[in-house]
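Got a sequence here, can you build the structure:
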Amino acid sequence: MTGPELDRVPPNPPAADPVRVVAGALGFGLLLGVGCQAVVTWWVRRLIDGAPPTPTPDFNSPAATVLVAGTIGGILLAALATWFLLTPIRNVWRQGMLSIVAGFGSFALSVVVITLLPFYRLYGPPALLVLAGVAVLACTMLGLRLSRTRAA
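Okay, here's the model as predicted:
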């Protein structure tokens, strides 16, 4: 093989910046988890507001089921999204550890954001839907940015 045939061979694609990949994937996972927890909290509030008060907690109620399943689901969704976005680093151990950090970190961050921010106290459950919408918008923008850096 000589001359012109060698020119047609595409060059090796540049390696993705691992710091940018990790930061983007963690940010995406955290935002996704916070958005999921906001929807779960809104749903639980809707179920509690429509139910009569009980003297003791009812762990078989629909609100308890949604709270437990939704919280675990939000953590798992954040971790799985982070796992898949971290595939360019090609290290299963780092993918797993950072996915766990994103999953549980999103839960901790959502507890802080949902309970401590004043707009929830001022505006109530509709503010949770606004928070979820902002998280979806931010995830979309970050996901588009991550896909552009992967394609480049």
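
For the most centrally placed residue in the chain, give its distance to residue 25.
With distances taken as CA atoms, centre = their mean, residue 32 lies nearest the centre of the chain, 2.3 Å away. According to CB to CB, to the nearest Å, residue 32 and residue 25 sit 11 Å apart. Yep, even glycine has a C-beta here, placed from its N, CA and C like the rest.

what is in contact with these two at once?
residue 81 (CB atoms under 8 Å, 6 or more residues apart in numbering).

And the longest helix along the chain, what does it pack against?
When the chain is parsed with DSSP state H, its longest helix is helix 18-49. Under the contact criterion of 3 or more CB pairs under 8 Å, 6 or more residues apart in numbering; DSSP states H and E, helix 18-49 touches helix 62-85, helix 92-116, helix 125-151.

what mean pLDDT does the first one have?
What that stands for is helix 62-85. Regarding helix 62-85, the rounded mean pLDDT is 96.

What of the second one?
If you average the pLDDT over helix 92-116, you get 93.

ok, and what's touching that helix?
22, 25-26, 29-34, 36-38, 41, 71, 74-76, 78-83, 86-87, 89, 120, 128, 131.

Type out the ChimeraX command that picks the buried ones from the residues you listed.
Remark: buried members of the contacts of helix 92-116, expressed as a ChimeraX selection using 16 or more other CB atoms under 10 Å:
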select :22,25,26,29,30,31,32,33,34,36,37,38,41,71,74,75,78,79,81,82,83,86,120,128,131
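
residue contacts, the nearest residue to residue 77 once chain neighbours are set aside?
Of all residues not flanking residue 77 in the chain, residue 36 sits nearest, at 5.7 Å (CB to CB, 6 or more residues apart in numbering). By CB under 8 Å, 6+ apart, the contact list for residue 36 reads 70, 73-74, 77-78, 106, 132.

Try it again at 10 Å.
Taking CB atoms under 10 Å, 6 or more residues apart in numbering, we find residue 36 in contact with 70-71, 73-78, 106-107, 110, 132, 135-136.

Check residue 76 too.
Neighbours of residue 76 in contact, by CB under 10 Å, 6+ apart: 33, 36, 99, 103.

Pull the most distant pair out of those.
36 and 99 (15.0 Å; CB to CB).
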